[in-house]
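Chemist: I need the structure of the sequence given here:
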Amino acid sequence: MFKKFRLLSLVLLAILCGLVAGILGEIITRVYIFKDFSVPYLSRDLNVADLNANRSNVVISNPQKVVVNADVKITETLNSLRPSLVGVFKSLPATAGTSTAPEYYALNQPLFIGLVITTDGWVAATVPENVKRDFNLKNYLVITSDRKVYTIDKIDSSKNLLGDLLLFHLAGANNLNIVKMSTRADLTPGKSLLLLNNLTAAWPATLVSVKKTAPILSSDTVSRQLLLSLAGTSYKNYLVFDLAGNLSAVIGSDGAIIPAFSYNAYWLSLVNKTPLGRPWLGINYLDLSVAQPVGVSVSAGALLYSSASGAAVLKNSPAQLAGLQAGDIITWVDNQELNADNDLADLITNHQAGDTVTLSYRRGGQNLSVDVKLGELK
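Modeler: Model (predicted):
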């Protein structure tokens, strides 16, 4: 009996020693061969940035957390954006390059960058007002990331676009790479963003808030501006992207940060090749999700509101022609309810002039609705 017990003890001891030897062997191999100083078995976190060239194949099986360093994600985002970014250069004369010191285009140093917004060559760029005002398409050319050179054959006629935005078209372009625009729902405090105004560098920032531009809002202008956490000097004429590569905002010469979704109407007109511009409803209102007028118990919606800055319903506007009046509270636009996340002006920007929208509203305790054909904002 004693011999059997002793034999069993020796077997268990051998197994235990084998396990310990295996663990120590793996640790020694990791440290001295793979230069991996993490402690195996004690952490379920995987830091992709710490992987070295000797470990090219990674299999993640039910990890609790995967950690990707910010610099790695920023690099990935920049790489994904480059095919959609173009450099705009002053054209060199036809005689350039004939001397012993030829002139050239420094690809990483354009006058400004543009963002491709349609596959057939429409580009958006935020530029100083003096450049936008004197922009002569014959004096510029565009070079893409794959070194294709385009001339500019037309400039969009839209005037006074927020953010000093300039829209122009590349002659003969097709099948270009485009990026998506962030929606209102994508813009949440704490979101990581990247600011770009050239092709070689990006400035990281964090979205602090999405704020109303004024207590009394217009259905036909931008109702929100973004506040970013930015260090150092002010940033002007930048494009702002999230880490998924979506266009989130445009920063103009005055430093105002305009949400990208505010340009929906212009984007749609270019994609659909229609001449109609920004939609016009013709209402001034209070957003009841952030304001509490005396005697009004409704907690969300757009209260049509007259003030010193303008009438609640503008004369001869689509809203007036549809019969809307001061004191009405618009609660729905089509199938979207107005609340803290869905503002009236935000929803109108998703349409084009000429579209018909159904507005649900309250008047004197009654729930009513009306179809309104949007006009074009002049």
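
Chemist: use CA for all of it now, contacts and neighbours both
Modeler: OK.

Chemist: and residue 189, what does it touch?
Modeler: 206-210 (C-alpha atoms under 8 Å, 6 or more residues apart in numbering).

Chemist: show me what contacts the residue nearest the centre of the chain?
Modeler: Closest residue to the average C-alpha location of the chain: residue 248 at 1.8 Å, with C-alpha atoms, centre = their mean. Going by C-alpha under 8 Å, 6+ apart, residue 248 touches 181-183, 187, 240-242, 259-261.

Chemist: residue 360 now?
Modeler: Taking C-alpha under 8 Å, 6+ apart, one finds 330-334, 367-370 in contact with residue 360.

Chemist: pick out the most distant pair among those.
Modeler: 334 and 367 (14.4 Å; C-alpha to C-alpha).

Chemist: what about the stretch 151-300 of the chain, any weak spots by pLDDT?
Modeler: 159-160, 231-233, 274-277 (pLDDT under 70).

Chemist: could you chop the chain up by domain?
Modeler: The chain breaks down into these domains under automatic domain parsing: 2-55, 68-93+106-275, 279-376.

Chemist: wait, a helix at residue 351?
Modeler: No. Assessed with DSSP: H, G, I helix; E, B strand; the rest coil, residue 351 is coil; it does not lie in a helix.

Chemist: name the strands paired with the biggest strand by length in the chain and say parallel or antiparallel.
Modeler: Scanning the chain for the strand with the most residues, using DSSP state E, yields strand 203-212. Under the criterion DSSP bridges, strand 203-212 sits next to strand 192-196 (antiparallel), strand 224-229 (antiparallel) in its sheet.

Chemist: contacts for the shortest one?
Modeler: Read that as strand 192-196. So strand 192-196 is contacted by 74, 202-207, 238-243 (C-alpha under 8 Å, 6+ apart).

Chemist: could I have the buried ones of these as PyMOL selection syntax?
Modeler: Applying 16 or more other C-alpha atoms under 10 Å to the contacts of strand 192-196, the buried members can be selected in PyMOL as follows:
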select buried, resi 74+202+204+205+206+207+238+239+240+241+242+243
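
Chemist: dump the contacts of strand 192-196 to JSON lines, plus distance to residue 361.
Modeler: Shown next, in JSON lines, are the contacts of strand 192-196 (distance: C-alpha to C-alpha, whole Å):
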{"residue": "74", "distance to residue 361": "45"}
{"residue": "202", "distance to residue 361": "45"}
{"residue": "203", "distance to residue 361": "44"}
{"residue": "204", "distance to residue 361": "42"}
{"residue": "205", "distance to residue 361": "39"}
{"residue": "206", "distance to residue 361": "37"}
{"residue": "207", "distance to residue 361": "33"}
{"residue": "238", "distance to residue 361": "39"}
{"residue": "239", "distance to residue 361": "37"}
{"residue": "240", "distance to residue 361": "36"}
{"residue": "241", "distance to residue 361": "36"}
{"residue": "242", "distance to residue 361": "35"}
{"residue": "243", "distance to residue 361": "38"}
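
Chemist: contacting residues for residue 312?
Modeler: Taking C-alpha under 8 Å, 6+ apart, we find residue 312 in contact with 283-285, 304-306, 325-326.
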